[in-house]
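[1] need a structure here:
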Amino acid sequence: MKMKMFIFDIDGVIFDSIKETNTAALQAFKEIEEKDLTKDAGFLEKLTNLRPYIRNAKDYYVIIRLILEGKITDNVSVKQMNSCIEKWKSKIDLFHKKFYEVRGRMEKLDYDNWISLIRPYPGVIETIKSLKEENILSFSTAKDIKSVFILLNKFGLDFTEDHFVGNEISLDKNVHIKTLSERFGIPFKDILFIDDLFFQLMSVKDSGVKLAMPSWGYSTEDQRRKAKEMGISVLTLNNLKQQLMEVFE
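    Below you'll find the predicted structure:
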C-alpha cells in the first residue's frame, strides 16, 4: 500500500480558536491604532461573523478596518482583501508582528487562560491519532510552529517539529504543501489537504493534491455548497476517519 499524507490546517479544523484569535487581534489593533474595541460586544459579533474570510493575522487588520469604515457587511472578496493589504501594507506589517507578540504574551503570562480560549472539535484529535498509525500526518498553519507544537502536545498529539509548516516559512498554502511533499517524499497525488477556509482551498486547487473541507469550521453554507459543486469533499464529524480515507478511493 502506498503511503498517504494528510495535511491538516489547525484553526477551524482541529481547534475552535476563534476566541483566542479575536482576543489577540483586537488587543494588537488597540496597541497599533490606539482604539479599544476589546469590550465592544457588537463589534466582536461582526468580527466573528466575518471569520470565514480571514486567512491569517494580516487579514484580521483588514477586516477590522473595513468594519470600522463601514465598507463591509457580511462578505468580502479575495480581490478586495488583497487590495487593502497592499494599500495598508506598512500598518499591516506592524499589526502582524504585534499580533504574534500579543499571542506570545497571552501564552507566557497566563497559560491556563490562553488554553481555555481554544477547544478541540469533538473526535478530531482521536481521528488524527488513529490515522497516524499507517499514514504520514502533517500540519499547515498561519500560526507560528512553536505555539502549535505546544498546543497539539497539550492535547496528546505527539509529533516532531518536521511535521509542521507555519508562518516562519510562508503564509502561502502552496508553499506549505510543496515543503511537506519534498520533506517526506510524498507526491501531490497522494496528499489530502484539509482546510476549512474556501479561499485557501481555491488557492491550491490546481496543485494536484486532493482537497477536503470540514463542515464544522469557519466556512459559510454558501462556501460549502460551492465546494461540493467543485468536487471537494465536505466532511462531517461522524465517521471522520472513514470519510478521509474514502477521498483516496
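
[2] could you point out which residue ranges in the chain have low pLDDT?
    1-2 (pLDDT under 70).

[3] all strands for it, in order.
    5-9, 15-16, 119-120, 136-140, 164-165, 191-194, 210-214, 233-235 (DSSP state E).

[4] which of these sits closest to Gly70?
    When the strands of the chain are compared by CB to CB, strand 15-16 sits nearest Gly70, at 28.8 Å. Using the backbone N, CA and C atoms, a C-beta is placed for each residue, glycine as well.

[5] just checking, what packs against the longest helix along the chain?
    Secondary structure of the chain per DSSP state H: the longest helix is helix 89-109. If contacts are counted by 3 or more CB pairs under 8 Å, 6 or more residues apart in numbering; DSSP states H and E, helix 89-109 sits against helix 18-33, helix 57-68, helix 111-116, helix 145-154.

[6] need these in TSV with mean neighbour count and distance to Ser77, can you?
    Output for the helices and strands packed on helix 89-109, formatted as TSV (neighbours: other CB atoms under 10 Å; distance: least, CB to CB, whole Å):
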stretch	mean neighbour count	distance to Ser77
helix 18-33	20	20
helix 57-68	22	11
helix 111-116	13	33
helix 145-154	17	29
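
[7] and Gly123, how many residues sit next to it?
    13 (other CB atoms under 10 Å).

[8] ok, it - contacts?
    For Gly123, the contact set (CB atoms under 8 Å, 6 or more residues apart in numbering) comprises 237, 240.

[9] rerun that using 10 Å as the cut-off
    237-241 (CB atoms under 10 Å, 6 or more residues apart in numbering).

[10] may I ask which of these has the most neighbours?
    For the contacts of Gly123, neighbours were counted by other CB under 10 Å; the highest total belongs to Leu240, with 21 neighbours.

[11] I appreciate the help and will end here.
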